[in-house]
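> quick check, what structure comes out for this input:
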Amino acid sequence: MNNLQLNINDYLNYCTSQKRLDTKTIKAYRIDLKQFKDFISTTEPSEITPNLLENYISFLHNNFKPKTVKRKIASLKALFHYFEYKDIIEYNPFNKLYIKFKEPVILPKVIPLSTIEKLLSAIYNQQINGNTFNKKHNSIRDAAVCELLFATGIRISELCSLHDNDVDLQNGIIKIYGKGSKERVLQIGNNATLKALTRYKSEFSNKIHACDFFFVNNNSTHLSAQAVRRMLNKYTKLANINMHITPHMFRHTFATCLLNADVDIRYIQEMLGHSSINVTEIYTHVAIEKQGNILKEKHPRKFLNITY
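Here you go, the predicted model:
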């Protein structure tokens with residue numbers, strides 16, 4: 001094993017034991033750094049020059065989307081900061097580079113409220129008219145999942161990671177461990193969601209107790225993000241909805257609806273678990289309907305009396 005690979009392994013161990021990064025972040029770092037190691041010709045960290053880095057960054061730009069390039073460069077920068085900190089290199093080649101590129105703004109996709117109504121109606125209808133016990137039984141869980149996604153804007157990874165003791169239905173409170181293991185507490189603000197969650201927990205109590213996760217499958221294992229995506233696809237077809245709906249779109253819809261209702265963006269930031277308000281501000285570009293209403297009602301042109 002060459003020195004670069006050994007140093008990368010040490011860095012990943014450092015990220016796990018000292019920086020306490022979560023497993024998903026470590027996995028992403030491992031993939032990004034292996035790609036870099038396989039691209040360059042040298043096996044010694046001290047031999048990596050600014051020119052080598054520029055060639056690699058050009059390769060990234062030619063093969064990946066800007067958001068992915070930005071992440072991969074950040075992974076690499078963090079590695080070289082570690083090399084510098086541990087005196088593995090005398091100077092950091094990134095210090096000689098000027099890296100700046102504009103990432104295109106991709107507006108979040110939201111689900112029309114009428115579509116959410118159709119989707120939830122299809123799920124609740126299945127509880128009554130499902131032609132098998134499993135379909136009726138699973139639809140109780142599926143309703144709870146969709147209601148919670150819409151009611152809180154929770155990330156799908158956060159929802160699937162909820163443990164039984166994270167959900168306090170008596171007080172309507174959910175404890176969430178988000179990105180970087182940051183903890184936040186959310187209040188469930190409507191009775192329909194509480195009712196769906198309470199019924200689900202009653203029906204699935206034995207399976208929940210068996211695996212300790214709050215959302216579970218029939219085999220008493222925790223519900224996966226992929227299972228939720230398949231579930232949404234199933235009900236989308238059942239409701240004849242001509243739209244691809246993902247779990248994350250509920251998060252976008254949650255934020256946009258609150259913004260349209262004049263909720264302070266700082267509260268939305270806290271509820272979504274964004275570390276920076278800059279991330280939350282993307283939703284200000286989405287609220288087109290709100291902009292139209294403001295201009296229609298508030299623009300001074302409507303008060304001018306001009307005859308022609």
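> can you pull out the strands in this structure?
Secondary structure of the chain (DSSP state E): strands at 167-168, 173-177, 183-187.
> per-residue confidence at M243?
In this model, M243 is scored at 95, pLDDT.
> number of residues surrounding it?
M243 has 13 neighbours, counted by other CB atoms under 10 Å. Every residue, glycine included, has its C-beta placed from N, CA and C.
> how close does N260 sit to H248?
For N260, the distance to H248 equals 19 Å [CB to CB, to the nearest Å].
> revised request: answer the last question for I241.
The spacing between I241 and H248, counted by CB to CB, is 17 Å.
> K182 too?
Separation of K182 from H248 (CB to CB): 18 Å.
> in contact with the spatially closest residue to Y29 that is not a sequence neighbour, which residues?
Setting aside the residues directly before and after it, Y29 is nearest to S75 in space (CB to CB, 6 or more residues apart in numbering), at 5.2 Å. Residues near S75 by CB atoms under 8 Å, 6 or more residues apart in numbering: 28-29, 32-33.
> report the buried members of those residues.
Burial by neighbour count, judged by 16 or more other CB atoms under 10 Å, picks out 29, 32-33 from those.
> of these, which is the nearest to E147?
Looking at the buried ones among the contacts of S75 and their distance to E147, the nearest is Y29, at 35.3 Å (CB to CB).
> can you pull the contacts of the closest one?
12, 15, 21, 75, 78-79.
> what is the lowest-pLDDT residue among those residues?
L21 (85).
> verify the stated contact: it with C15.
Yes - using CB atoms under 8 Å as the test, L21 is close enough to C15 to be in contact (4.7 Å).
> ok so, going back, and K182 and H248? Which one has more around it.
Set K182 next to H248 and count neighbours by other CB under 10 Å: H248 wins out with 17 against 10.
> shaky segments in the protein?
Applying pLDDT under 70 to the chain flags residues 1, 100-106, 179-181, 285-295, 299, 301, 307-308.
> how is it carved up into domains?
3-96, 113-248 (automatic domain parsing).
> can you get me a residue count around K136?
The local packing of K136 (other CB under 10 Å) involves 15 other residues.
> surely it meets Q127?
Yes - using CB under 8 Å, K136 is in contact with Q127, at 5.6 Å.
> where's I268 relative to S157, distance?
For I268, the distance to S157 - CB to CB - is 19 Å.
> look at those two and report which has more neighbours.
For the pair I268 and S157, the greater number of neighbours falls to I268 (21 against 15), based on other CB under 10 Å.
> show me where this structure has its helices.
Applying DSSP state H to the chain gives helices spanning 3-17, 23-39, 50-63, 66-85, 113-129, 133-152, 156-161, 191-203, 205-211, 225-238, 247-260, 265-272, 277-280, 288-298.
> can you tell me the centre-most residue of the protein?
Nearest residue to the geometric centre of the chain (CA atoms, centre = their mean): R155, 4.7 Å.
> so who does it touch?
178-179, 248, 251, 273.
> around the residue lying closest to Q127 once chain neighbours are set aside, how many other residues sit close by?
Closest residue to Q127 apart from its sequence neighbours, by CB to CB, 6+ apart: S139 at 4.7 Å. S139 has 21 neighbours, counted by other CB under 10 Å.
> doesn't I128 make contact with S139?
No - the criterion here is CB under 8 Å, and S139 misses it with I128 at 9.0 Å.
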